[in-house]
Structures are given as C-alpha cells and as structure tokens.
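In: Return atomic coordinates for the entry below.
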Amino acid sequence: MQTTDIGNKEEGKVWHRKPTPSNTGIMVTVIRSAAAYQSKTVRFLHVTFDTTGDSFLAGDHHGNIYVLDITRNRFRLVQKTGQACTALAFNLRRTTEFLVALADYSIKCFDKDTKQLVSWMRGHEGAVSSVSVHGSGRYAISTSADTAQLWDLDTFQRKRKLNVRQSVGIQRVFFLPLGNTILSCFNDDSIFAWESDTLFCKYQLPVPDEGPRIHYKAFAVTRDGKILAAGGRSNLLHLWCLDTRQLLRVVQMPPKVRTVRQLEFLPDSFDGGASQTLGVLSQDGVMRFINIQTCKLLFNIGSHDDAITSATISPNGRHIVTIMDNGSLNIYSVQCLTQDYNKPPPSLVKVVSEGECSALTMKVKSEGVQRPAKNPGRRVKTKFLRPPAVPMTEDKENELPDGLNKKRLVTLLKAFGEYPAKYRMFVWRSLLRLPENHAAFSSLTDKGLHSAYLSIQERYPIKSHKLQRGLQRVLSALAHWAAIFGETDYLPLMAFPFVKLFQNNPLLCFEVVATTIVNWCQHWFEYFPNPPLNVLSMAENVLAHHDKELLQHLIDCGVTSQLYVWPLLETLFSEVLTRDEWLKLFDNVFSNHPAFLLVSVVSYVTCCRAPLLLCSHKEDFEYFFHHRNNLDVSSVIKETYRLMESTPADIHPRNMLDDFQPLTRGQYPVFNKYPTYIVEYQSQERERIRQQEVDYLRERQAVQELRAKAVQRQAEDEAWYTQQEILQQAEEKRRDILQQEESKLAEQRTRLTAMKRELKVKELQLMDAARRRFLKQQQDQRLTELHRLDEQIQRKMNTRDQETAAAVQDIQVRQMELEAQRRLFEQQLAKEQVRVTQEVRAEVDTRRHRSERERLTSTPSQVLEECLAEAGQLGVDTEWQAEVMRRLDQEDAARDRHYHHLAGLHRETLTKEQQLVNIMEDVEGQRYVLAGQQWEMRARSPCSTSGLLHNSVASPGPHQSQQRHSPNNICLNNQSTSDDSTCFSLDRGRGELDCRERELMQNIRELRQKLAARAKNSNSTVSQ
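Out: Numbering: from 1, shown residues only. The predicted model follows:
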C-alpha cells in the first residue's frame, strides 16, 4: 500500500507507481500535510463522484477542493473557498460544474476547468447537511436541519422550500434515481414521496408498528429506485419496496453494530440497477457489505484501529473512497474486495430468524467469510483445463469490458443456447460496448419530444403509461440524433422490445437501439423511404442458394422478399417470437457478426418450409409473417449457424456488411447513411401535411360548431313554434272566457248606469246647494277685495302727490344751484378775461417798445426773429382759446346729461301714472262684470233675491250717490274734474321747469359767444 501526500501542490499524480491492491483492497492512501507542520495533516471532510465514476471531488477542512481522476492518475486543486465545506455534488448537467455547501450556510457553484464562481445560492439558516441532484442534472435539493430547498440549476433560483416544525426536524431529502420523485425523511421516522414537478404528495411509507423504533439516520436507494434501505440507532435495517410501498424485510446486523451511520448500495454490472450488495457503516468505523437477498456477509473494510468516518461508492461500482478517522482518504478497488467471495466454494454464513423478531427479520450470524473444512480422509483431485493457445491479437479482439471474453461467451452461448437471465443485461452491455454517454444523452433528451412522436399513442396505443413515455422518449432522442429516424415508420416496432426490456434505464435503451441500427441495420436506409432492396436481395440470394424450391414457390405465388424478409427485419422478429424466444435469438445476434441477423431471417424461412409450401395466396403469406407460428427458435438459431458456415463467400452477407463498431465515447457518431434530400423533402411534406391537418381540424371544428349552432337554432325554432301553438290555444281559451266576462260586465254596467243616474240626481242637488253657498262666499270675498283695492288706490294716489311735490322742490333747488354756478362761472370768466387782457396789453406794450428800440438798431434778421416770436405768441393764444372752448363744451355736455336724466325721470313718472289709471279701470270693470253675473244668476234662480238685487242696483242709496259725485273719492267710473285738474297742474309744473332750463342754457350759450367775440377782438388788437 502506498501513500501520497499532496501537501500544497496544485496538481500531480495520485500514485507514483502502479498500485497493487493489498489484501484489504486499498489502492492508495491520500493525505494532505500542513505547510508549517509536516507531522500535522489537514482532514478531508467530504467526497463525491461524478456521473462516470472515474473521478471524484474531495474537500478538506481548510476549504480546498481537489479533483482526483483515478483513470488518468491525476489530481488538481480546483478551488479555494476559505472555509470548510459541509456537502458536495459533482453530477450536474454541465459536467465541469460542481456544488459546494459551505459553513456560512451558503451554496456555491464553481467550474473546475476555469475555477470561476458560477453562482452563489443563499437561503438556509443552518448548516447544509446534504445536496441531492436530479438524474438530469438540472435540479438540486439542499437539506438542513429545519428546511429543504429545491433549486433550478439553470437559473440558480430557488423554486420551492419545505419548512417543518422544529420539534419534527428533517433527516434527509433526496431525489430517487430514474424518476421525478423526491423522498423526504423526518426525525419521527416518517417518509414521504413527492412529485418533483408539482410537489404533489404521491404516498407515505407506513411507520412499522412491530419491534423497537429505529430512529432513522441513514438511507440508501438502489439504482433502479425500487429498494430503500434505512437504518439508525439500532442494529436493525429496514428494506422497503417503493413499488408496493411495503416493508420487505428487517435485517439484523451482528451485535457489535449498535448504530448505523451510513448506508451505500454497491452497484453491480450484472444486476441491471437492482443492487443486491449493501454497505453498512456502523459506529465502530467498520463498513460491512452484505447481500440483502441472502443476508450473507460478503466482506468488510476498515477496522477499530483504522476507523472509517464516511464512504462513497463510484456509480460504476469499481472503486470505494473512504474518509478515515485520521482525515486521510483511502481508495479501494472493489474487484480486489470481491474476488474472495466470487470464488467457489460459496460462503457458509447462516441465516437465522429469531422468535422475538417478526417474520421479515433475518439475522446475519457471522462476521467473517467461512469456508468448508478440509476432509483429511479423502482428497479431491482437481483437474485444470487450459484454454487453447490463441494469438495475442485475437485475445485483444475478444476482450470485452468488465473482464469478459467474447470467445468464451460465444462458447457458453453455444453450449446453453442463451445467457443467464440474471446476467443478460450485463453481457449485452459488454458485447455492445455501450459508452454510457450521460451528457450526450441528456443533451438529446433536453430537446424535448420530437414532433413526429407527439401523437404516437394514437398509432401504437400501449396500456402502460410508463412504457409509452419511455418509448416516446427514446424515439425522440433517436429523431434528434438523426433526422431520418423521425421519418421512419417502422422504428417504433423495432425499438419497442428494447424499451420494454430497459424501461428503467432509458440511456442503455437508447444506446442499445442506436448500436443495433448502426451495425445490424447497415444499408437499410439507402433506398429510403422504400425497403432496402440491396439487403433484401442479399437474403434472397442466400435463400436461392440453400432452398431453390422454396424460392421458386414464393416467386410463383407472387411473393417477393418485401413480403417474407422485410416484415421480420423491420420488427426484429418481435411479432413472430415470444419474449423468451426473442431474448434467446438476440443473445446470439449480439454475439455474432452483423450478418447473423440477415441469415437468421433466411433460416426462419427455411425452417418454416413445410407450411409455406402449402400456402398459395398472398394474404396467407402476409398473415404468416406477421403472426407467431409453432416453431422452435433453437432450431432456427442452429440453422442460422449452419447457414453462416455453409454460405459461399461471394453471396455471404458477411462480405457485404462491415464488422461491429461500437458507439464512440463522449459523443455519439454522426449518422448520415441515408438520402438526405428525400428525408428533408419528407420532413417538409410531413410538416405541410401536419399544418394542413391542423387547418382541417380547425375548419372541421368550426363546421361542427356551426352545425351545433344550426341544430340548436332548429331546436329553438321548434320550441318557439310549439310555444306559439300553446300560446294560441291559451289565447282562444282566454277569448272565450273574455266574452263570458264581457256579457256579465254588460249586465253589471246596466245596473251601474241606473245606480249612477240616481246618484247623479242626488249629486246635482248637493252641487246646487254647494254652489249657492259658494256664490255667496265669493260675493263676500269680492266685496272685501273691492274695499281693499279702493284703499290701496287712495294710498297710491297720496304717495304720488307726495313724490310729485318732492320732485318739484328738488327741481327748484337744482335750478337755484345751476343759477348760482352760472353766476360764479361768469364772475370767474370775467376775472380771467380781465387778467388775460391786462397781461396781453402789458406784453403788447412791452413788445411794441422793444420793437421800436430794436427797429432803429436791428438788422433784417432780427426783424424775421420778431415775426417768428409773434407767430409763436399767436399760436399760444390760439391754444388758450381752444382750451377755453373745450371747457365750455364740457360744461354743456354735463348740463345736457343732467337734462336727459330729468327727462327720463319725467317719463318714468308718466308711465307709473298710466299703469295706475289702467289698474283702476280694470278693477272698476271687474266690479261691474261681477255685479252683472250675480244679477243674472239671481234672475235665473227660482228662489233668488232678484227683487232685492234689482232694487239695490236700480235705485242706489244716497250714500252711494254721494260717493259717486264726491270730489275726494276716486272710482273706476268716476271721471271727476279733480283728477284732471291734478294731472294738468302736474304737467304745468313740469313745462315751467323745462322752459326755465331752456332759458338757462340759452343764456349760457350767449355768454360763450360774447367771450369768444371778446377773445377775437383782443387777438386782432394784438396783431395790429
């Protein structure tokens, strides 16, 4: 055993010489010593493998993350986080990225090639204990003690969060392999399964009632996601079947095991994902590997002195990496650990069921692997068979992955006719050399379902939805890989047997189908979309060589190779063979040259020679090659081997087909062995037809809707007509009823008319009495109103007289004020005129004396200046006169306005007087009209007092005559002289006022004229 100290190196070799695993299986021990202290080592905390199992990540206590590649024997420092990590994940969709959960409760994503930080995810309030990544690598679940969070690794955003009560707590939340199910385990031993897309609770595992409580701490799931192992604070392990959701069995570990720290399933290449070996790490630091079916102890790693803290197993099951108690890493070789129990004789570990345990409990009795004791009395002779000498080149060709040899497998196959069912998948994977390109397959599946297979369930209805989805997924991946597979009609028939066989592992199914197409379907697509005539001619040539009579019979019946060869090839015998027969046949097909499949078709036809010779109709041949027949597949296989050996080389398909070529690792090869232009044309036509179908469906739906509307409208019309008939019948019935009611109503009307006549007479009598009372009341009211109007007229006449007297007094006062203003203005004008005259005379004298003095001594220029001065003086005088005239005009305008105001008041007074006279005339007229009406009513009434009214009207009393002729009493018909004298006296006063005002204005105008004449005379004097 060798030890590698990586120290402060950033890269280097994991081992310096080829490792030779010891009896303990350790290949190499990796430690990291501190820089300052060589004796002190830095502890490794967590380890995780990538999807291939060839390299793993290791994080130490200082926050350094290393990538160790076992196949390349290299290690490299990819990141320095500066703090201890609490969980790692290295199986993301982008293979160069990994997740690190740190001590600050955050999760970071780094790229191991560029060493750059890709993303930083926060959200936990406690240390992250585990990180689980979905099988597609696109989602991750981080778990802490109080919460679990679902992350989208494309956007690095949190999608969902699971919170629980502090009293319950979360143990672990993780994805199940090969599915979209999330399993959550809590501290109360409850386990729930959730749908990852919708987070809908699918089921809950029942908590076991029998036996002591285990307190689950460790969990492990097989690669096919069917078995769940759980352990905790006990030496009991619970094995759950997740399909049936039942407890399969309870495994009791040896008494030394008191607590289970970790559980890990050891993948086996032969089990097809259903792992049978379980590793159990207990509190003593020893990891024991047992078989969960037989409960036999297979081997163990670690010891009390060199205890294991945690362990991680590679996905391919070849290596185990453990973190030891001293902080170092031990890399184990599983092949060395399992070589002891793989050899005969089998181990004799007993399986004992105890009485106090349930019927499911099985106990592991022994901790070591026991062997039978030697019998000294009898010695068994052993004979060793040496294989024949074979050249080294042939050995290399026959060597297969996982330590298998193709030649030995073929020998075994010929001996038993088929491979063991338990190891068939493993043998097929080895024979086909499947690369298991997870990343490439994920890139194909990420493209989604192909448009050609969206409605495959309509063409090929399958009862199992899981199987249907698997077929759809594999066919879509094939169509995305090569465009022709989206146009191939028989591809679902060819792929269905493999999908049904590998329904739990779509990657292996895709690679098996792709390998089959690349090798055993050579030259099939050269005549696409027609059947491969070249391949069919190969089979027909082989049949012509070995059975000319049968071929001639087929030709005579008009049956071509497209009818008896192509149905078997395009379905790969799945229609004519049962499951076991098909598996047996393809054990031989995958173990031989690609020509074996074509020759097996010929052998099937020749083995069915007798029933085919009896057929004469084409329909019988079609039915024969599309249905199962009573035929031993072993004889067909034996006949195929005979034809492979006896067929001449010139017509042998082996010379026309290439040898087996496995799929390339990393990326799948390019498949272009088909006429691309036809495929492209067909894809375009298919898209056009699909679009036409969509349009047709849309139009058909519209037509159906219109038809439904028409039917609905027709039904509504019929209902309407029916309703109208019912209404018409009801109307006729109601008309009859109405006629009867009208006859009854006529009779009632006659009775009512008689009653109304009587009531009318009584009403007239009452109305007559009421009218008399009303007329008397109206007469009294009219008389009262007349008296009130007389008083109001008298009051208004008095008011008018008072207002007229006041107006006359105001006019007189105003006239006096105007006269005083006139006199004052005349005085001011006289004074101003005297002053101006004096100033003008003084100025004129001064100028005359000055002009006389200057005339004697002045020149003609001075004379001109004097003339100009005089002209300026004349302009000033003219302006002064204009100012005087303007002021006079303003006074005239003010007086005119005052005059117009007085005229308006006069007109208003006249209007009010006229209104008053009209009112008085109306009142007097109404009085006479009312008196005439009363007289007429009394004259018409038989019991009226017409005599009294006549006397009162005809001979009025002395009081009334006095009132009529009294000059102080004013009535409507009274045209006394007093009113006329009053009106004339008022007009006479107003006329006198107007005359006085006109005389005043005339005096003002004359005064203005005099002032203007005086001003002109003074100006003329000055100018002279």
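In: Tell me the buried residues in stretch 76-83?
Out: Residues of stretch 76-83 classed as buried: 76, 77, 78, 79, 81 (neighbour count, 16 or more other CB atoms under 10 Å). (C-beta placed from N, C-alpha, C; glycine too.)
In: ugh, wrong one, I meant stretch 570-580
Out: For stretch 570-580, using 16+ other CB under 10 Å, the buried residues are 570, 571, 572, 573, 574, 576, 577.
In: And for stretch 638-654?
Out: So, applying 16+ other CB under 10 Å, buried residues of stretch 638-654: 638, 639, 640, 641, 643, 644, 647, 652, 653, 654.
In: Show me the contact partners of it.
Out: 414, 538-539, 541-542, 545-546, 588, 592-593, 595-596, 598-600, 602-603, 606-607, 655 (CB atoms under 8 Å, 6 or more residues apart in numbering).
In: Let me see the mean pLDDT of the helix or strand harbouring residue 854.
Out: Element membership for residue 854 (DSSP states H and E) is helix 676-857. The average pLDDT for helix 676-857 rounds to 86.
In: Same check on stretch 220-237?
Out: Rounded mean pLDDT across stretch 220-237 is 89.
In: same check, this time on stretch 463-475
Out: Model confidence over stretch 463-475, given as mean pLDDT, is 88.
In: likewise stretch 634-645?
Out: So the average pLDDT for stretch 634-645 ends up being 91.
In: With only the CA atoms kept, save it in CSV.
Out: C-alpha atoms of stretch 634-645 as CSV (Å, rounded to 0.1, in the frame of the first residue of the first chain):
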residue,chain,number,x,y,z
SER,A,634,-33.4,-23.2,-31.1
SER,A,635,-33.7,-25.0,-34.4
VAL,A,636,-33.7,-21.5,-36.1
ILE,A,637,-30.6,-20.5,-34.3
LYS,A,638,-28.9,-23.8,-35.1
GLU,A,639,-29.9,-23.4,-38.8
THR,A,640,-28.5,-19.9,-38.8
TYR,A,641,-25.1,-21.0,-37.6
ARG,A,642,-25.2,-23.7,-40.3
LEU,A,643,-26.0,-21.2,-43.0
MET,A,644,-23.4,-18.8,-41.7
GLU,A,645,-20.8,-21.5,-42.2
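In: how far out from the middle of the chain is that stretch?
Out: 62 Å (CA atoms, centre = their mean, to the nearest Å).
In: Can you report how many residues neighbour the closest residue to residue 19 other than its chain neighbours?
Out: Among residues not flanking residue 19 along the chain, residue 27 sits closest, at 4.1 Å (CB to CB, 6 or more residues apart in numbering). Counted with other CB atoms under 10 Å, residues neighbouring residue 27 total 22.
In: would JSON lines of the buried residues of stretch 570-580 with distance to residue 125 be doable?
Out: Shown next, in JSON lines, are the buried residues of stretch 570-580 (distance: CB to CB, whole Å):
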{"residue": "570", "distance to residue 125": "60"}
{"residue": "571", "distance to residue 125": "59"}
{"residue": "572", "distance to residue 125": "57"}
{"residue": "573", "distance to residue 125": "61"}
{"residue": "574", "distance to residue 125": "56"}
{"residue": "576", "distance to residue 125": "64"}
{"residue": "577", "distance to residue 125": "61"}
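In: Select from the residues you listed every entry located in helices.
Out: Under the assignment DSSP state H, the buried residues of stretch 570-580 contribute residue 570 to helices.
In: Pick the one among the buried residues of stretch 570-580 closest to residue 489.
Out: Checking the buried residues of stretch 570-580 against residue 489 by CB to CB gives residue 570 as the nearest, at 8.7 Å.
In: Report the separation between the closest one and residue 607.
Out: As judged by CB to CB, to the nearest Å, residue 570 and residue 607 stand 20 Å apart.
In: on that earlier part again, am I right that the residue nearest to residue 19 falls within a strand?
Out: Yes - counting by DSSP: H, G, I helix; E, B strand; the rest coil, residue 27 is located in a strand.
In: Name the nearest residue to residue 601, sequence neighbours excluded.
Out: residue 568 (4.9 Å).
In: Assess the claim that the one you found and residue 604 are in contact.
Out: Yes - using CB atoms under 8 Å, residue 568 is in contact with residue 604, at 6.3 Å.
In: quick revisit: can you redo the buried residues of stretch 638-654 as TSV with distance to residue 625 and secondary structure?
Out: As requested, the buried residues of stretch 638-654 are exported to TSV (distance: CB to CB, whole Å; DSSP: H, G, I helix; E, B strand; the rest coil):
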residue	distance to residue 625	secondary structure
638	21	helix
639	17	helix
640	17	helix
641	22	helix
643	19	helix
644	22	helix
647	22	coil
652	24	coil
653	20	helix
654	24	helix
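In: mind putting those residues in CSV, distance to residue 133 included?
Out: Shown next, in CSV, are the buried residues of stretch 638-654 (distance: CB to CB, whole Å):
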residue, distance to residue 133
638, 49
639, 51
640, 46
641, 47
643, 51
644, 47
647, 52
652, 50
653, 46
654, 46
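In: out of the residues you listed, who's nearest residue 707?
Out: residue 653 (58.4 Å).
In: can you pull the pLDDT of the residue nearest to that closest one when sequence neighbours are not counted?
Out: Distances taken as CB to CB, 6+ apart put residue 595 closest to residue 653, at 3.8 Å, once the chain neighbours are dropped. At residue 595 the predicted local confidence, pLDDT, stands at 91.
In: Verify the stated contact: residue 557 with residue 621.
Out: Yes - using CB under 8 Å, residue 557 is in contact with residue 621, at 6.9 Å.
In: Find residues that contact each of the two.
Out: residue 615.
In: So for these two, which residue has more residues nearby?
Out: Taking other CB under 10 Å, residue 557 and residue 621 do not tie; residue 621 has more neighbours (20 against 17).
In: Okay, now the unreliable bits of the stretch 351-500 of the chain?
Out: For the stretch 351-500 of the chain, the stretches with pLDDT under 70 are 351-403.
In: ok, which stretches of it are helices?
Out: Assigned by DSSP state H, counting those that start in this stretch, the helices in the stretch 351-500 of the chain fall at 392-398, 406-416, 424-432, 438-445, 456-459, 465-481, 491-501.
In: what's the closest of those helices to residue 142?
Out: Ranking the helices of the stretch 351-500 of the chain by distance to residue 142, with CB to CB as the measure, places helix 438-445 first at 21.5 Å.
In: thinking again about what came up before, spell out which two among the buried residues of stretch 570-580 are the most distant pair, please.
Out: 570 and 577 (14.2 Å).
In: can I assume residue 584 sits in a helix?
Out: Yes - counting by three-state DSSP, residue 584 is located in a helix.
In: in what helix or strand does the residue nearest the centre of the chain lie?
Out: By CA atoms, centre = their mean, the chain has its centre lying nearest to residue 159, at 14.5 Å. Taking DSSP H and E as the definition, one finds residue 159 inside strand 157-163.
In: Noted, bye for now.
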